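> got a sequence here, can you model it:
(chains A and B)
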There are 2 protein chains.
Amino acid sequence: MIDKSNDMYLAWLNYKKITTSGCKEYLKNIFIALESKNSIIKSTLLELEKALKESYYEEITQNLYEDESDIEANKYIKLEVKNIKSLKKNGYKIEQKFLKENKSFISISAGDENGILYGVFHLLRLLAENEEISNKTIIENPESELRLINQWDNIDGTVERGFAGSSVFFESIRNKDKVKEIMRVIGIPASSDLIREAFNDGYRISEDLDRINDYARLLASIGINGIVINNTNVHKEETYFIDNKIAMVKVINDIMTRWGIKVYLSINFAAPITLGELDTADPLDIKVIKWWEERVKFVYDNIVNLGGFMVKADSEGRPGPFTYGRNHSDGANMLGKSLKPYGGILIWRCFVYNCKQDWRDYSTDRAKAAFDCFNPLDGEFLENVFLQIKNGPMDFQVREPISPLFGVMDKTNKILELQITQEYTGQQKDVCFLIPWWKEVLDFKICNNVEASTVKDRIKGVAGISNIGADLNWTGNLLAQANLYGYGRLIWNSKITSEEIVDEWIKLTFGDNKIVLNNIKFILLNSWKAYENYTAPLGIGWMVSPGHHYGPDIDGYEYSPWGTYNRANCNSIGIDRTIKSGTRYIEQYKSPLKEIYEDINNCPDELLLFFHNVKYNHKLKNGNTVIQHIYNSHFEGYDLVERFLYKLDEIKALINEEIYNHINDKLREQLLNAREWRDRVNTYFYRISGIKDEKNRKIY
Amino acid sequence: MIDKSNDMYLAWLNYKKITTSGCKEYLKNIFIALESKNSIIKSTLLELEKALKESYYEEITQNLYEDESDIEANKYIKLEVKNIKSLKKNGYKIEQKFLKENKSFISISAGDENGILYGVFHLLRLLAENEEISNKTIIENPESELRLINQWDNIDGTVERGFAGSSVFFESIRNKDKVKEIMRVIGIPASSDLIREAFNDGYRISEDLDRINDYARLLASIGINGIVINNTNVHKEETYFIDNKIAMVKVINDIMTRWGIKVYLSINFAAPITLGELDTADPLDIKVIKWWEERVKFVYDNIVNLGGFMVKADSEGRPGPFTYGRNHSDGANMLGKSLKPYGGILIWRCFVYNCKQDWRDYSTDRAKAAFDCFNPLDGEFLENVFLQIKNGPMDFQVREPISPLFGVMDKTNKILELQITQEYTGQQKDVCFLIPWWKEVLDFKICNNVEASTVKDRIKGVAGISNIGADLNWTGNLLAQANLYGYGRLIWNSKITSEEIVDEWIKLTFGDNKIVLNNIKFILLNSWKAYENYTAPLGIGWMVSPGHHYGPDIDGYEYSPWGTYNRANCNSIGIDRTIKSGTRYIEQYKSPLKEIYEDINNCPDELLLFFHNVKYNHKLKNGNTVIQHIYNSHFEGYDLVERFLYKLDEIKALINEEIYNHINDKLREQLLNAREWRDRVNTYFYRISGIKDEKNRKIY
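Now for the predicted structure:
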């Protein structure tokens, strides 16, 4: 069992940091102007009590007042659910009110319990940042209704693309008693993937329910209100979550519900077959429709407040409607219809493409697949169906253009999918603070001359693939906590700047020492740029080791079936996706983007190689040739990581030693990775282009 | 249990093919002018009886005569051990002698039992080829005394670089009862390498002892007289072969002894530590010396006629004398000394190099390692120590220069190591008949103006890494049997031509139909060239998928620690190993080779890129530029495989259907592999060089 009092575990909810004098009184006296049996309110009160205990080491619980007039204390907190015109769903209002006889109270009011909960977390954040509660009135409303986390957790406790240990939700008893013994006998490392199929009836919910509860707290504290609890790739065993394993879902749902978080399930489109009850999963087959109606009823009979289902269909080997000559609206609507009576929604992923492409084929373009598949179906989807679309047309590379799907399908509910777990961005070995990237995505103007023109205006919600696991510090690399924290803060209110988010997170995590603040801030705010610099250049992507996706392999995906190429030769590099001479992917964008991307002289440098095949001596807007930019950026990227280490050394004496050592180890590993990337990429392009580095730096 | 009457299993000892009239009489009457209790003679008689039964379906056994004058039959076979000046050890003489009253006998005489056995196999081969036994006198002497097979079999039944199923010697009961059950429960594929450590006491000798005996017969029939029965990489469990698992060795030894084959053991240099009896393996430590003396005594007390030990030391993670600051003669002699009293020999492998090289390092050259390590020790090794040297300086690529070690160390016993198993030459999916290659190696003039100038003159023996496994046809691909057959025939007598060997093998395997003979011959004799053509060009090697080594990955080893690079850039490709400007590897050769390889204009085309870094437009002796040769050879290589399929189709009606289908499947798989190689290599070099194919063929 891990030490739950460890600072890294407490993350940004470390109330030991609250020292604000005068707040103690407020925390001790609470008046709730609403029905207090509600489980969310119970959590709210528990959180206030926790803060009181951890910050002032007061063992006493708060005084809860039935009637405001009974309050004798001079300072108290008033929680009130009421209709306030200025508040949207889940929004809240915080203000300090002064009464006669220097009595004053902090009022947190909202239209619903979630609002109260978020308001209290906001208050506690202010206290932890040692901001005096003044006269200012705070009104906060979330930008989107669906603020989701996707867990890619498998029932056997493994996490797909997880870099922070095993699942906090599920575990297989193979990690325990019976299996330990078998492992001993046949000497298999318990980590072996080969035993994913093992013990079909040996899976269970993690025995550490407190940790699940703490994870829910962390999510609630940043405004998350929904979570898909299992991997989008639903294997045989997870199909039973809507069958004899539903009790496992219920346990998680009960915990999440306390924190105002709705639970969603990834389901297997072929479940009727997998569960051995039908020989087809054809969405227009009456047997299938009936089967799902009954199945959904069964699910909601057990979990009345389930959020709904998520489906990955016809993608990377997953079954789907194409198998039966149906389209994706047929598949999604069939499920949406069965969920409607219970208020459930159906989230349908748009990650659909041909993963059996021949590298010799220059005409097929994976980037076009989602748009081609879904855009023609606009208007066909039911209103409780939501299409979940990745930020880019490929797959979470460090730099990609925004998916053109966000510019169309005005009659369809869209959810933006972001990847918090750093699959292609350093795997939580390397630091890569992604908030600035996501901010660009949300603020990106994908349409013109229409009311809803930016991505954030055009979506109903955001989903982020979680970066947490059973590691003590949740995220493998402590600094990666900033991505989870920032994700929640940003999708609640994208107007907050990356700097503001970083400031908040550092203060809540390291305290408010100015040097610590500045140095960690330097590392975080430069980390995305550093990573982009020393990896694949100018938006080309994919130069990673196939399979695990860590470390450089310039041609690793060049001759693969995955549709992921660089087409580099001795003169030029890049994918020609232009309308005039390429795959015509650019056609999927509206004006003026279409014209901007199509014109090699207007196309932004950082995406040039994504859209164009250009000569190495092509001049970029930044004044360098493509080849010189490759050299410069790779040397600069490595140098930045070296600077990160200096910045860390400067604060060695100012931070907890365990945390210093942890970050130091990670940064040193990152430096080795950056060196390998720098040297391999530079060597590859020097060899293939034959063009020297103007600055004569060492290339092999 | 497999069908031991299947033609593919019977291989080249398929006596059903014997139809020669008039031979029956000879086979029925045997006179042995020597002590017949000897186990080798027993096997010889059994073989004659087998031939009689299978060829003429005679159930009767032969008549064995005590006294030649008792023989009434007109025709008989006379086996006689006697001293014949013209015969060396294991040599034999076959002649037909005519007596009065048209009585005649076939005399097989030799100086030892092995000679008699080999003579009988020779006779039976003649019969199977339907050659009438005429007046000709046959005298055969082996070229080298040590004619060895190395098995890379592990005690758990896996075979390192094995492409024909699991081991015929060892198996783990994990493949059986108990483990089957556990496999069922936890659903692990029985093939999983992760369970190599499983069941430390659950290993056993294969229950199919007949198959081991049949393997021994096959080896004896081609003159093999020694076998190393376990993998040169000795893991913990195999260390117990010289301890409590020696009984397993004994079983195999008893079978091999019947066929005149000496058994050798690969041992773990760190055995004293691994077996937990000492804390050092320092070869000069008196404790270690004593330990090995006692250990060797124990081994020979159990197996009196053991051939000796083989050691891979200080290589790819194996322990060795370097650990203790000793050199390889210290290590080898310590073991050789302890083996001497029992007539055992010590085989020490020269496959020593740094496998942790930095790809950025252009000065270190793996090719130089063995020579640098061993040449200075010439004269230091005891006379029962033999150095086993791979044919080339790298590692069994489809084309390499001959190891310069064969040109030096005149005072040291040398063994040539060849790889029959096709690790880098198609893995028995692709056909690659290697005899022509090995013939070049044996006949190669490595010295000048000395008596022993060719490789075969300078070695005391040859070792071949076996290509067989538990597959019904022994070698995975039936056509790969020709490599095992040819290996034995060639190292017995390197004067036989590849054509003669192919003819023999085809007749013994498919019968003597002319079209079948010509077509299979075409496939076999062109297969090495085809494979070389469609894979890595001009001796550069290593463009394979890392790890399993099948299929193309041009830069797969370019940034690896293995010392295996192509250094290709937009202008040139190849490793500069010259004396004037390169790694000076060429210095290890004697004149005139040194001068020939050093001079880019004299260096043979097929090795050009191994020795020189050359421009793509460099003109080869064959008249083409390097780049045009790459294109031509790759298109030609693929086209050859297509022709193999035509050649096979032509004989479809003439050969056993099961065998046709088997070869057809393999060739079709090879065609796909050749296509992938052709297109990736051509595309890679077209992209990097920018030079078009003169013939405008399709490059991607």
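> for the stretch 301-450 of chain A, what lies in contact range of chain B?
A:W359, A:R360, A:Y362 (CB under 8 Å from any CB of the partner chain). For the C-beta atoms, the positions are set from N, CA and C on the backbone; glycine is no exception.
> the last one and B:I2: what is the separation?
Using CB to CB, to the nearest Å, one obtains 48 Å as the distance from A:Y362 to B:I2.
> also A:A568?
50 Å.
> who has more neighbours out of those two?
Counted by other CB atoms under 10 Å in any protein chain shown, A:A568 and B:I2 do not tie: A:A568 has more neighbours, with 23 against 14.
> in what helix or strand does that one lie?
For A:A568, there is no enclosing helix or strand under DSSP states H and E.
> what sits against it?
A:A568 sits next to A:I554, A:D555, A:E558, A:Y684, A:F685, A:I688, B:R687 when contact means CB atoms under 8 Å, 6 or more residues apart in numbering or on different chains.
> in contact with A:Y76, which residues?
By CB under 8 Å, 6+ apart, the contact list for A:Y76 reads A:E25, A:Y26, A:K28, A:N29, A:I30, A:F31, A:Y65, A:F105, A:I106.
> 6 Å instead?
Contacts for A:Y76 (CB atoms under 6 Å, 6 or more residues apart in numbering or on different chains) come out as A:N29, A:F31, A:F105.
> give me the beta-bridge partners of the second one?
If I follow you right, that is A:F31. With DSSP bridges applied, A:F31 shows beta-bridge pairing to A:Y65, A:K78.
> next, count neighbours for it.
With other CB under 10 Å as criterion, A:F31 counts 20.
> hmm, it is touching A:K78, no?
Yes - under the criterion of CB atoms under 6 Å, A:F31 makes contact with A:K78 at 4.8 Å.
> OK, contacts around whichever residue of the stretch 301-450 of chain A sits closest to chain B?
Nearest residue of the stretch 301-450 of chain A to chain B (CB to the nearest CB) works out as A:R360 at 4.5 Å. Contact analysis of A:R360 by CB under 6 Å, 6+ apart lists B:Y700.
> that one sits in which helix or strand?
Assigned by DSSP H and E, A:R360 belongs to neither a helix nor a strand.
> and for the residue nearest to A:K507 when sequence neighbours are not counted, the neighbour number?
Once flanking residues are discounted, A:K507 sits nearest to A:E129: 5.0 Å by CB to CB, 6 or more residues apart in numbering or on different chains. Applying other CB under 10 Å, we find 16 residues neighbouring A:E129.
> so A:E129 sits against A:I506, correct?
No - if you go by CB under 6 Å, A:E129 and A:I506 don't touch, sitting 10.1 Å apart.
> any common contacting residues for the two?
Contacts common to A:E129 and A:I506, judged by CB under 6 Å, 6+ apart, are absent.
> which SS state does A:S134 fall under?
Assigned by DSSP: H, G, I helix; E, B strand; the rest coil, the conformation of A:S134 is coil.
> what kind of secondary structure is the closest residue to it other than its chain neighbours in?
Computed as CB to CB, 6+ apart, the closest residue to A:S134 that is not its neighbour in sequence is A:Q96, at 6.8 Å. Put simply, A:Q96 is strand when judged by three-state DSSP.
> could you list everything A:Q96 pairs with in the sheet?
A:I106.
> what packs against the helix or strand harbouring A:A674?
Taking DSSP H and E as the definition, A:A674 sits inside helix A:657-689. Here helix A:657-689 touches helix A:514-534, helix A:626-650, going by 3 or more CB pairs under 6 Å, 6 or more residues apart in numbering or on different chains; DSSP states H and E.
> so how far is A:K429 from A:G476?
A:G476 is 8 Å from A:K429, by CB to CB.
> so those two - more neighbours on which side?
More crowded of A:G476 and A:K429, by other CB under 10 Å: A:G476, with 23 against 20.
> circling back: of the helices and strands packed on helix A:657-689, which is nearest chain B?
Among the helices and strands packed on helix A:657-689, if distance is taken as CB to the nearest CB, the winner is helix A:626-650, at 11.7 Å.
> let me know the angle separating the closest one from helix A:514-534.
Relative orientation of helix A:626-650 and helix A:514-534, computed by axes from the mean of the first three to the mean of the last three CA atoms, to 10 degrees: 150 degrees.
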